[in-house]
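Undergrad: Build me a model:
(chains A, B, C and D)
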Protein chains: 4
Amino acid sequence: MILMMKREADKTAVNRVEKQLEQMGCRSVTIRSSEGVIISVTGGNRSECLQDLALLPEIERVIDVTVPYKLASREIKKEKSMLDLQDGVSIGGKEVIVMAGPCAVESEKMLFTIAEQVARAGARVLRGGAFKPRTSPYSFQGLEEKGLKILAEAGKRTGLKIVTEVISPQDVELVACYADILQVGARNMQNYSLLRKLGKQQKPVLLKRGFSATIEEWLMSAEYILAEGNFNVILCERGIRTFETYTRNTLDISAVPLVKNLSHLPVIVDPSHSSGDSRLVPALSRAAIASGADGLLIEVHPHPEEAFCDGNQSLNPREFQLLMNDLADFTRACERTLNTDNLSAKNFVKAI
Amino acid sequence: MILMMKREADKTAVNRVEKQLEQMGCRSVTIRSSEGVIISVTGGNRSECLQDLALLPEIERVIDVTVPYKLASREIKKEKSMLDLQDGVSIGGKEVIVMAGPCAVESEKMLFTIAEQVARAGARVLRGGAFKPRTSPYSFQGLEEKGLKILAEAGKRTGLKIVTEVISPQDVELVACYADILQVGARNMQNYSLLRKLGKQQKPVLLKRGFSATIEEWLMSAEYILAEGNFNVILCERGIRTFETYTRNTLDISAVPLVKNLSHLPVIVDPSHSSGDSRLVPALSRAAIASGADGLLIEVHPHPEEAFCDGNQSLNPREFQLLMNDLADFTRACERTLNTDNLSAKNFVKAI
Amino acid sequence: MILMMKREADKTAVNRVEKQLEQMGCRSVTIRSSEGVIISVTGGNRSECLQDLALLPEIERVIDVTVPYKLASREIKKEKSMLDLQDGVSIGGKEVIVMAGPCAVESEKMLFTIAEQVARAGARVLRGGAFKPRTSPYSFQGLEEKGLKILAEAGKRTGLKIVTEVISPQDVELVACYADILQVGARNMQNYSLLRKLGKQQKPVLLKRGFSATIEEWLMSAEYILAEGNFNVILCERGIRTFETYTRNTLDISAVPLVKNLSHLPVIVDPSHSSGDSRLVPALSRAAIASGADGLLIEVHPHPEEAFCDGNQSLNPREFQLLMNDLADFTRACERTLNTDNLSAKNFVKAI
Amino acid sequence: MILMMKREADKTAVNRVEKQLEQMGCRSVTIRSSEGVIISVTGGNRSECLQDLALLPEIERVIDVTVPYKLASREIKKEKSMLDLQDGVSIGGKEVIVMAGPCAVESEKMLFTIAEQVARAGARVLRGGAFKPRTSPYSFQGLEEKGLKILAEAGKRTGLKIVTEVISPQDVELVACYADILQVGARNMQNYSLLRKLGKQQKPVLLKRGFSATIEEWLMSAEYILAEGNFNVILCERGIRTFETYTRNTLDISAVPLVKNLSHLPVIVDPSHSSGDSRLVPALSRAAIASGADGLLIEVHPHPEEAFCDGNQSLNPREFQLLMNDLADFTRACERTLNTDNLSAKNFVKAI
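TA: Down below sits the predicted model:
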């Protein structure tokens, strides 16, 4: 259940409602935003609550969430959410944010080199896995905390923000120490313990769509994070599982305009995992921006042929630079901007 | 099996090979194109043929087609195919060709009105079904020949080319009398009798991807038409069937750059059937062009809410005009052109 | 629209209604069955018809078919349909009918041998393709009429009924001359010209489910045949296309009890195409019978490793004999019968 | 990497290898079974390890696991695994084990009643969720520890074993205190932190197939548990996500014989979640046993129409009793047994 407090409701009024909910055996989380105060309520006897709460004078509206996602929807929040990533970078606005980097952090040297290269080409965020969820228990599982430290150091050196995956609730605090954005991978989209834990901290969360999740399930998973009080959620379309085998997954491009209609949250696209084929990345990046995506998540590896994982979907740094050059004009034609606009001409020319 | 004749092989040489094939019990079709003469061979004892034919001096190369599609592939024909639709219109070149019109031809009045409207907005081809393959035997099945006549008349009045569906081999000749492009619908993509019949005439064929066909199966179906001697095939991606239910089908946008890599044939996208939702058509049209599509197939109906079929995926004429205006600049940014560039300013302004 | 005539309506009454329909511009087919007379109506102005027809005294009920399949449903016909295959063989009753044979008719010798072997093991129907719908135009396409003649001769020698595929409306009459059951393959499930043609003759039709057809679409395709007046339709579940690649298709076993609830038509299962793996055929055959299937369609080839097509899903004759022996007891436990019960002990023992 | 020790290798030999692995920077788990000693190795420099280990005299075979699942495969263990569930109950042998109970533990009274009813009808294991992974954060999430206590008490009263879901690594110890079998739900099949934690304890784990997991991914997830040293894994097929919407999921019946060929682990089937429709449960239960399943997981609720979740897929106690009666004979015909054989006639008669 969602309670929307009246505009004029002050702190005392909110406290009164919170206490009332406690007495009813409900669990509540109070969320303050520019649109006013919202209280997300779980537990308790639903029909009883609905009746009693409707009577409280400080409540504007009681929304019964038997229909699914609510906090993630445009009903609750009309305008698009713009997430502040700090230091003048934000996502969900006019700028298309490019996040780039290797599948996994393999070594300090490798990561520092690639970080510098993607920064020079116009990326805003560095991606790289320190905890890797692998299908096989015998595959490389990531450098863990050592990897996180390398990422943070690379971020400091280049000014790039850091996005990295967290795969277990008990690692959330650790990862949040080092990363600017915490990623939930496709396999964990319905790992509700993880989602709840991420909802209880305030770092932005990049929520990948499960490879077989419907759009509704995806938004419901976002709702888990929002319902705990963290509104900083970025949705990432990364391809769904279909019968087609020429691509690793099928990029569901329609999900971009559709989700942007249904939800106020920013939506980005991962053309690398969608296709599993670096040759398709440029065309899919353009299609993503054309359909309204707020950002791209692209795999770049210094030597894709030697990558510990996912080599054939990675661009090399030169290919990434060319892609960014190509996207610069294209993005402008879509009335969006790209960070390349901010790079000095000198920098840009010398890049690679 | 595919035989490529030597560049210098003259008519007599070709005849000699044809006779030889006949004696071997093979069925052959000779295809003359700007790249030289190709003979498509079916039937006969494969291994025997391979051996004997390799000895003939006029043959450049014998290609064993145990690997799938050949004539449709870039191996046989390096450069993109550009199909002549007559009167200065062609598909597969720089211009993005827009085909628009109603799902079904409902009446003369309705079609003439819509034809004029889409022509004014910049469409090059008028679409409209006279033979409708419907899931239910009790649904409206089309005006049949009467519908074809209305289409042809609308084409004459507006200068638009006509594309319409053919659903049975015995109707091919009839439909070819009236239409400029013959459409094979998704349900008939593997109706091989129909494909063969279409291969034996020379009108361009628009081959829609089956809603559950892999890219390989789709190209193999094109191969059926090509192997009979008709190289005028346009491929149309129209969404595949997946678990997602928020859209009617899932537009497989990756198929566009992928098929353009694998095949020389032009590829267009149908954003209307892909999504089943007219609100998504503008974003998907942009994504299609951004990914490299050579054209769009868009449903436009004067009163979508009253359409005999597929109403909620149709744009109304005003929405279509707005879309074309929007795409004009966008297409230019993609270094392609749109017919709107050719319309006189006066025409264009008055259009809405 | 479906009209159910009153029980007492005589020929004159039926004629009166038929004429009325003609005047309304409708197309009607009259179907006489043990439950009375049903008239299937297509074309005409729907709402007008509904109004006028309701007034006619000889009509019991007018069923508006805006909801899908009707003639195929249990609503129209409460009890299960039992189809007479002649000579004491029928499908849809207590006996589980086994149809067996090779994917394609390759030669007279091969077919006669296999026919004798499957007959001895207890099959009732011989399967074998004379017209083969192949993904590649360069693959073996069947012996066509020559193949049909071989099939008919094999039927005469062994007493087996013949089922074979028809892939084009213009071949229906030819195939009906030789076969006892006409098969519609998965790729042609929505080839409506073919379905209509099959509805206009009376030989039983075995309608395979399209590999991506929903149960509703499958029943709608059956409806096409029924609406033309042929009620002799057998449904065949043969696996659907999913993301799983360890099996060629995914046998949708739930479809068996589900369709038997929804429809009165007999349902059989093809465990060979479902799995594409002969090692799974015994377990899937048992599962099919356990779930209520009225028959099995099994590929048997004298030398599966040399088959022109689909070798690795074929049983060899010895494996088929062992399967039938195994199924004999099992079928009895399911309170069904198998033809093995009718074979003389002597015959049965000596069989291979 | 998997090391198989020689049959004659004693404890000292095993220790020597373990130490060597430690020095190489590898992580190892030693698993003792009736077939001898196996050491599962993760981490370290793979190619270096392979070389060095091959030289050790006490090692029979070094298996490189670049091919997927190994410990779960028939290669490592030829005979079927039979898991001891204590007190004379085991799974993977001749008896088909039926697990039954409600989706969620709703109250003490409700659970005690249903436990008694399913025990009387022949179930061996009581199912019921105390931690519920729900798509919506606002749905009922289970009674948690209170629910576990009720389950354990119901087990004590009836002699039924308890299976219940665990959804987070930090809950594993708690759930293991009360349950006999720990269930991993479909959404958590690739929650690797959870799988590893379950591998480090010895209670049997029931691993449900993810609704979009391939058979290979499913076996790889089992491998995660086995690689940590817990060989007590039961696989549960519960339907996969496909385009078909008449059933909630599509039961992949072929997975049963297939997985039993590939793996030594017991396989059970959940006909309730597969179909989402209690009317299909009897036919699917029969099909499961016919295809070789070692058990069934069936939802039973005292008043399905009032269930907190998944009501329309639950049988009521009377329907469950009828199903068990029906399965008793059927199971015997499949040369398996059912616990109903052990119930006293008196008990059995009075049951309904």
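
Undergrad: So which bits of the helix or strand where A:Arg318 lies are buried?
TA: Per DSSP states H and E: A:Arg318 is located in helix A:317-333. Using 16 or more other C-beta atoms under 10 Å in any protein chain shown as the test for burial, helix A:317-333 gives A:317, A:319-321, A:323-324, A:327-328, A:330-331, A:333. Backbone N, C-alpha and C define where each C-beta goes, glycine included.

Undergrad: Can you redo those as a markdown table, where the extra columns are distance to chain B and pLDDT?
TA: Output for these, formatted as a markdown table (distance: C-beta to the nearest C-beta, whole Å; pLDDT from 0 to 100):
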| residue | distance to chain B | pLDDT |
| --- | --- | --- |
| A:Pro317 | 22 | 96 |
| A:Glu319 | 15 | 96 |
| A:Phe320 | 17 | 97 |
| A:Gln321 | 20 | 96 |
| A:Leu323 | 13 | 97 |
| A:Met324 | 16 | 97 |
| A:Leu327 | 10 | 96 |
| A:Ala328 | 11 | 93 |
| A:Phe330 | 6 | 93 |
| A:Thr331 | 9 | 95 |
| A:Ala333 | 3 | 88 |
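
Undergrad: Stretch A:61-79 spans what distance, first to last residue?
TA: The first and last residues of stretch A:61-79 sit 19 Å apart, counting by C-alpha to C-alpha, to the nearest Å.

Undergrad: Tell me how far it lies from the chain's centre.
TA: 20 Å (C-alpha atoms, centre = their mean, to the nearest Å).

Undergrad: Point out the residues in chain A that sit beside chain C.
TA: Residues of chain A found near chain C (C-beta under 8 Å from any C-beta of the partner chain) are A:212, A:241-243, A:245.

Undergrad: what's around the residue of the stretch 151-300 of chain A found nearest chain D, how many residues?
TA: The stretch 151-300 of chain A approaches chain D most closely through A:Ser212 (3.1 Å), counting by C-beta to the nearest C-beta. By other C-beta atoms under 10 Å in any protein chain shown, the residues close to A:Ser212 number 22.

Undergrad: farthest-separated two in the buried residues of helix A:317-333?
TA: The largest separation in the buried residues of helix A:317-333, counting by C-beta to C-beta, is between A:Pro317 and A:Ala333 at 25.4 Å.

Undergrad: From chain C, how far out is the nearest residue to A:Ile76 once chain neighbours are set aside?
TA: Excluding its sequence neighbours, the residue lying closest to A:Ile76 (C-beta to C-beta, 6 or more residues apart in numbering or on different chains) is A:Lys70, at 5.9 Å. A:Lys70 is 31 Å from chain C, where distance means C-beta to the nearest C-beta, to the nearest Å.

Undergrad: Report the central residue of chain A.
TA: Per C-alpha atoms, centre = their mean, the C-alpha nearest to the average position across chain A is that of A:Leu206, at 1.9 Å.

Undergrad: what's downstream of the helix or strand hosting that one, the next helix or strand?
TA: Using DSSP H and E, A:Leu206 falls within strand A:205-208. Using DSSP H and E, the helix or strand that directly follows strand A:205-208 along the chain is helix A:215-227.

Undergrad: Could you tell me the angle between the next helix or strand after that following helix and helix A:215-227?
TA: Next along the chain after helix A:215-227, taking DSSP H and E as the criterion, comes strand A:233-237. Relative orientation of strand A:233-237 versus helix A:215-227 (axes from the mean of the first three to the mean of the last three C-alpha atoms, to 10 degrees): 160 degrees.

Undergrad: Would you mark the buried spots in strand A:233-237?
TA: A:233-237.

Undergrad: Show me which pair in those residues is furthest apart.
TA: A:Val233 and A:Glu237 (13.8 Å).

Undergrad: The helix holding A:Arg318 packs against which elements?
TA: If contacts are counted by 3 or more C-beta pairs under 8 Å, 6 or more residues apart in numbering or on different chains; DSSP states H and E, helix A:317-333 sits against strand A:97-101, helix A:108-121, helix A:281-290, helix B:317-333.

Undergrad: Contacts only, for A:Gly185.
TA: A:133, A:165, A:167, A:208 (C-beta atoms under 8 Å, 6 or more residues apart in numbering or on different chains).

Undergrad: Model confidence score at it, please.
TA: Note on A:Gly185: pLDDT of 96.

Undergrad: again, but for the one 4 residues further on
TA: The model reports A:Met189 with a pLDDT of 96.

Undergrad: Quick check: closest non-adjacent residue to it.
TA: Spatial nearest neighbour of A:Met189, excluding adjacent residues (C-beta to C-beta, 6+ apart): A:Gly210 at 3.7 Å.

Undergrad: need the contact list for that neighbour.
TA: A:186-187, A:189-190, A:217-218, A:221, D:212.

Undergrad: from the contacts of A:Gly185, which ones fall inside strands?
TA: A:165, A:208 (DSSP state E).

Undergrad: export the contacts of A:Gly185 to CSV and tack on neighbour count?
TA: Output for the contacts of A:Gly185, formatted as CSV (neighbours: other C-beta atoms under 10 Å in any protein chain shown):
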residue, neighbour count
A:Pro133, 20
A:Glu165, 23
A:Ile167, 25
A:Lys208, 26
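
Undergrad: Tell me the one among the contacts of A:Gly185 nearest to C:Ser272.
TA: C:Ser272 lies nearest to A:Pro133 out of the contacts of A:Gly185, by C-beta to C-beta, at 37.8 Å.

Undergrad: what's the distance between A:Glu299 and A:Gly129?
TA: According to C-beta to C-beta, to the nearest Å, A:Glu299 and A:Gly129 sit 10 Å apart.

Undergrad: what's the pLDDT at the residue nearest to A:Met189?
TA: With respect to pLDDT, A:Gly210 has a value of 95.

Undergrad: Need the max-distance pair from the contacts of A:Gly210.
TA: The farthest-apart pair in the contacts of A:Gly210, when distances are taken by C-beta to C-beta, is A:Ser221 and D:Ser212, at 14.9 Å.

Undergrad: per-residue pLDDT, A:Ala115?
TA: Model confidence at A:Ala115, given as pLDDT, is 97.

Undergrad: nearest residue to it other than its sequence neighbours?
TA: Distances taken as C-beta to C-beta, 6+ apart place A:Ala154 nearest to A:Ala115, at 4.0 Å, with adjacent residues excluded.

Undergrad: do the same with A:Glu145
TA: Nearest to A:Glu145 is A:Leu174, by C-beta to C-beta, 6+ apart, at 6.6 Å.

Undergrad: Verify the stated contact: the one you found with A:Leu148.
TA: Yes: if you go by C-beta atoms under 8 Å, A:Leu174 and A:Leu148 touch, sitting 7.1 Å apart.

Undergrad: of these two, who's got more company?
TA: Remark: of A:Leu174 and A:Leu148, A:Leu148 carries more neighbours, 24 against 16, as counted by other C-beta under 10 Å.

Undergrad: angle of the helix or strand hosting that one against helix A:108-121?
TA: Counting by DSSP H and E, the element that carries A:Leu148 is helix A:145-158. Calculated by the same axes, to 10 degrees, helix A:145-158 forms an angle of 40 degrees with helix A:108-121.
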